[in-house]
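Enquirer: With the sequence up front, the predicted model follows.
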Amino acid sequence: MRAEMEALLYSYGVDIVFSGHVHAYERSNRVYNYTLDPCGPVHIVVGDGGNREKMAIDHADDPGHCPDPSTTPDEYMGGFCAFNFTTGPAAGKFCWDRQPEYSAFRESSFGHGILEMKNETHALWTWHRNQDMYGSLGDQIYIVRQPDKCTVKPKVN
C-alpha cells in the first residue's frame, strides 16, 4: 500500500492515516518514504479493538524476530521475498533491525481512540487502553496542519 498510495497522500497534504488489521496500537511521527518529514502524515494503526487471534506482541524489528525471507512465499509474484524495502533507510533489507525512527509509540494492548477536531488546523488524538478506562491515557498527540509550510502539490501525470 505504501508504494501505491504514499506519494498521492503526501501530494494532497493528508495529515492522518488510520489503518488496522495488526492487532496492536502504533502511532508514527510525520513520515514520508520512511523518513521523518514535517509535511508527511501521521500513521495510526488501531487494530487493537479485540479479536480471537490474540494481540500482536512481537515486532519484526525486535532482536531475533525478523523472519527468514526464504520462509515467506510470495503468492502473487511467485518465489520468495528477498527484501521488503526498496527505498529509505531500510533499503535492501527484509526487516528493520531496530524500531524505526518514525515510530513514535507502540503498544500491544487492547484499546480505543478518540479524534477531536479542535479547529481547522488542530486535531487531538487520544488512545486509551481498554483496561484503564478513561482514567489514564495510553497515548495523546495534537496533530497540527501547517498550510503555510506544507502546501498541496497535486501530482501531474
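Expert: Okay, I see it.
Enquirer: which residue is nearest the centroid of this structure?
Expert: By Cα atoms, centre = their mean, the mean C-alpha position of the chain lies nearest to residue 43, the distance being 4.0 Å.
Enquirer: can I assume that residue sits in a helix?
Expert: No - according to DSSP: H, G, I helix; E, B strand; the rest coil, residue 43 belongs to no helix; its state is strand.
Enquirer: Now do the worst-scoring helix or strand of the chain on mean pLDDT: which elements does it pack against?
Expert: Between all helices and strands in the chain, the lowest mean by mean pLDDT, DSSP states H and E belongs to helix 2-11, at a mean of 90. Helices and strands touching helix 2-11, by 3 or more Cβ pairs under 8 Å, 6 or more residues apart in numbering; DSSP states H and E: there are none. The C-beta positions use only the backbone N, C-alpha and C, and glycine is treated the same way.
Enquirer: Contacts only, for the residue lying closest to residue 118 once chain neighbours are set aside.
Expert: Excluding the flanking residues, the one nearest residue 118 by Cβ to Cβ, 6 or more residues apart in numbering is residue 124, at 5.8 Å. Residue 124 makes contact with 115, 116, 118, 140, 141, 142, 143, according to Cβ atoms under 8 Å, 6 or more residues apart in numbering.
Enquirer: Burial check on the nearest residue to the residue nearest to the centre of the chain once chain neighbours are set aside, number of neighbours?
Expert: Counting by Cβ to Cβ, 6+ apart, residue 43 lies nearest to residue 28, which is 4.3 Å off, once chain neighbours are set aside. Residues near residue 28, counting by other Cβ atoms under 10 Å, number 20.
Enquirer: my read: residue 28 touches residue 101, true?
Expert: No - the pair residue 28 / residue 101 is not scored as a contact, 9.7 Å apart, by Cβ atoms under 8 Å.
Enquirer: Which parts of the least confident helix or strand of the chain count as buried, going by neighbours?
Expert: Neighbour-count burial for helix 2-11, counted by 16 or more other Cβ atoms under 10 Å, picks out 6, 9, 10.
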